[in-house]
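# Any chance you can model this:
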Amino acid sequence: MDEKRLTFTGHLAELRRALMVSGIAVMGGFGIAFAFADQLDWALRLPIEGLLPADSDPVYLGIFEPIFYKLKLGLIGGIILASPIVFWQLWWFVSPGLRPRERRLAIPFILVATCFFLGGAAFCYFVVLPKAAAFSLTQMAEKTRIILSLKSYLSNSATFILAFGLVFETPVLTFLIATLGLIRPETLARYRKYVLLFSFVIAAILTPTVDVFNQTIMALPMYVLFELGVLAARLVHWRKEKRTGGASAD
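Numbering: from 1, shown residues only. The predicted structure is shown next:
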């Protein structure tokens, strides 16, 4: 009982350390991003460039919104900049449950996880965000106009960007969970048709046009991510079976 309690306490200490290092990294990224808040503000407005009338300049709705807006820009930029360190801490936290041979995958895991996260954020920024904004504007009632609040727009766009960054982590996290032995590829494959349907439903909601081509552009990456996750799980399962078979043969 004491050993279990000590082990549980040790895991809590490791989790606290990982969260602390990740938090420090985010704060460091926040400082860098806050220094370039004006450039981030310019970049954040590009996806909706030309969607609003020329005289519809974004507005602040409160006296303290300008500083809070810049602080939020810095926080979002800090999370993106610190993502490699966050993934490094995630790997460091779960690595005790891996075999020595599997622990050597630390650098590939960090690089691949970072690339998928940034790829998801970029996909949202260049594809999803403009289409979602254009679709939203088509739902306006007659004799109405948009007054764009920067605070509201930042909150919505940041949610989209960070959410897609996390969604694109599906293959990486599936590989990690399969490596820990918490999921089997057969379990994932059983839900393939539902994931495909869900992908096209989301694409239909976010795509402003009704043509199949645009909807496929949106839905295909989401479904491909799921299939990559299934493939990663199968690879891990195959390697474990091969290693177990080899050990039995010896």
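# pLDDT weak spots in this structure?
Across the chain, the stretches falling below the confidence threshold (pLDDT under 70) are 1-8, 97-98, 102, 206-211, 213-214, 243-250.
# quick one, longest helix in it?
helix 212-249 (DSSP state H).
# Same question for that helix: list its buried residues.
214-215, 218-219, 221-223, 225-230, 232-234, 236-237 (16 or more other C-beta atoms under 10 Å). C-beta: built from backbone N, CA, C; applies to glycine.
# list the helices and strands that helix packs on?
Here helix 212-249 touches helix 170-179, helix 185-189, helix 192-206, going by 3 or more C-beta pairs under 8 Å, 6 or more residues apart in numbering; DSSP states H and E.
# try 10 Å
In terms of contacts (3 or more C-beta pairs under 10 Å, 6 or more residues apart in numbering; DSSP states H and E), helix 212-249 is packed against helix 100-103, helix 106-123, helix 129-138, helix 150-167, helix 170-179, helix 185-189, helix 192-206.
# Could you pull up the residues touching A158?
Taking C-beta atoms under 10 Å, 6 or more residues apart in numbering, we find A158 in contact with 44, 72-73, 75-76, 79.
# sorry, back to before: nearest to I67, of the helices and strands packed on helix 212-249?
Of all those, helix 150-167 sits nearest to I67, with 11.2 Å by C-beta to C-beta.
# Report the buried residues of the closest one.
The neighbour-count check on helix 150-167 (16+ other C-beta under 10 Å) flags 150-151, 153-154, 157-158, 160-162, 164-165, 167 as buried.
# Now intersect the contacts of A158 with the helices, please.
44, 72-73, 75-76, 79.
# Take these and write them to JSON lines, including distance to A189 and neighbour count.
As requested, the ones in helices among the contacts of A158 are exported to JSON lines (distance: C-beta to C-beta, whole Å; neighbours: other C-beta atoms under 10 Å):
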{"residue": "L44", "distance to A189": "39", "neighbour count": "19"}
{"residue": "K72", "distance to A189": "40", "neighbour count": "18"}
{"residue": "L73", "distance to A189": "41", "neighbour count": "24"}
{"residue": "L75", "distance to A189": "38", "neighbour count": "17"}
{"residue": "I76", "distance to A189": "35", "neighbour count": "23"}
{"residue": "I79", "distance to A189": "33", "neighbour count": "22"}
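# quick one on the thing from earlier: would you list the helices and strands packed on helix 212-249 in CSV and tack on distance to L90?
CSV is the format used below for the helices and strands packed on helix 212-249 (distance: least, C-beta to C-beta, whole Å):
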stretch, distance to L90
helix 100-103, 13
helix 106-123, 8
helix 129-138, 27
helix 150-167, 12
helix 170-179, 8
helix 185-189, 21
helix 192-206, 24
